[in-house]
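Colleague: Here is a sequence together with a model predicted from it:
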Amino acid sequence: MLTIGEKAPDFSLSDGAGNIHSLSDYAGKPLVLYFYPKDNTPGCTRQACAFGALYGQFRALGAEVVGVSKDSAASHAKFAEKFSLPFTLLSDPDKSVHLSYGAIGEKKLYGKVTVGTIRTTYVIDGEGKIVWAKAGVSPDKNPEEVLEFIRTMSY
């Protein structure tokens, strides 16, 4: 996992419409970059909908929210449409960005150890540095927790 003060790795990933997004696209404003396991699963849906419900507040503070999973761009488009998600979802099918951000690893699910996406959230400042980082976040509490942190940032 990346640490506070570290430079965030650049990325170039496509959204549900096939547009490419890079870290540099978000320069000058806080970016909430969250990694989640899978579209249309209970925890991931709750987390995405909570970010969606708070999105106006994030934007009012000058922040942008971007979700990343290994799902395809087409899956993201359907997921975003189904739940009226107002923010960008990016597809990382080869998990290269997951790896560069430390969002892949061993986890226990129903007593079985597997390797997969670790629900991880970063806040990256306008200069591309990590200012908040947490792995194993609660899908229900994470969006509000991040919003509270962004409220404390000075810009």
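Modeller: That came through fine.

Colleague: by contact count, what packs against the lowest-mean-pLDDT helix or strand in the chain?
Modeller: Evaluated with mean pLDDT, DSSP states H and E, the helix-and-strand set of the chain has its lowest mean pLDDT in strand 104-109, which scores a mean of 86. On a contact count with 3 or more C-beta pairs under 8 Å, 6 or more residues apart in numbering; DSSP states H and E, strand 104-109 meets strand 112-117. Heads up, the C-betas are built off the backbone N, CA and C, glycines and all.

Colleague: got the buried residues for the strand it packs on?
Modeller: Of the residues in strand 112-117, those buried under the neighbour-count criterion (16 or more other C-beta atoms under 10 Å) are G116, T117.

Colleague: thinking again about what came up before, would you mark the buried spots in the least confident helix or strand of the chain?
Modeller: Within strand 104-109, the residues that count as buried by 16+ other C-beta under 10 Å are I104, G105, K107.

Colleague: Next: stretch 86-95.
Modeller: Residues F87, T88, L89, L90, S91, D92, K95 are the ones in stretch 86-95 that count as buried (16+ other C-beta under 10 Å).

Colleague: Over that stretch, what's the mean pLDDT, rounded is fine.
Modeller: Taken as a whole, stretch 86-95 carries a mean pLDDT of 98.

Colleague: And for stretch 37-56?
Modeller: Averaged across stretch 37-56, the pLDDT comes to 97.

Colleague: With stretch 115-125 instead?
Modeller: Stretch 115-125 comes out at a mean pLDDT of 96.

Colleague: Next, the buried residues of it.
Modeller: Taking 16+ other C-beta under 10 Å as the basis for neighbour counts, the residues of stretch 115-125 that come out buried are G116, T117, I118, R119, T120, T121, Y122, V123, I124, D125.

Colleague: Equivalent analysis for stretch 13-28, please.
Modeller: The neighbour-count check on stretch 13-28 (16+ other C-beta under 10 Å) flags L13, S14, D15, G16, H21, L23, Y26 as buried.

Colleague: Just the ones of these in strands?
Modeller: Residues from these lying in strands, with DSSP state E as the criterion: L13, S14, D15, H21.

Colleague: residues in contact with the third one?
Modeller: Put plainly, it is D15. Under the criterion of C-beta atoms under 8 Å, 6 or more residues apart in numbering, the contact partners of D15 comprise H21, A73, H76, T88, L89, L90, S91.
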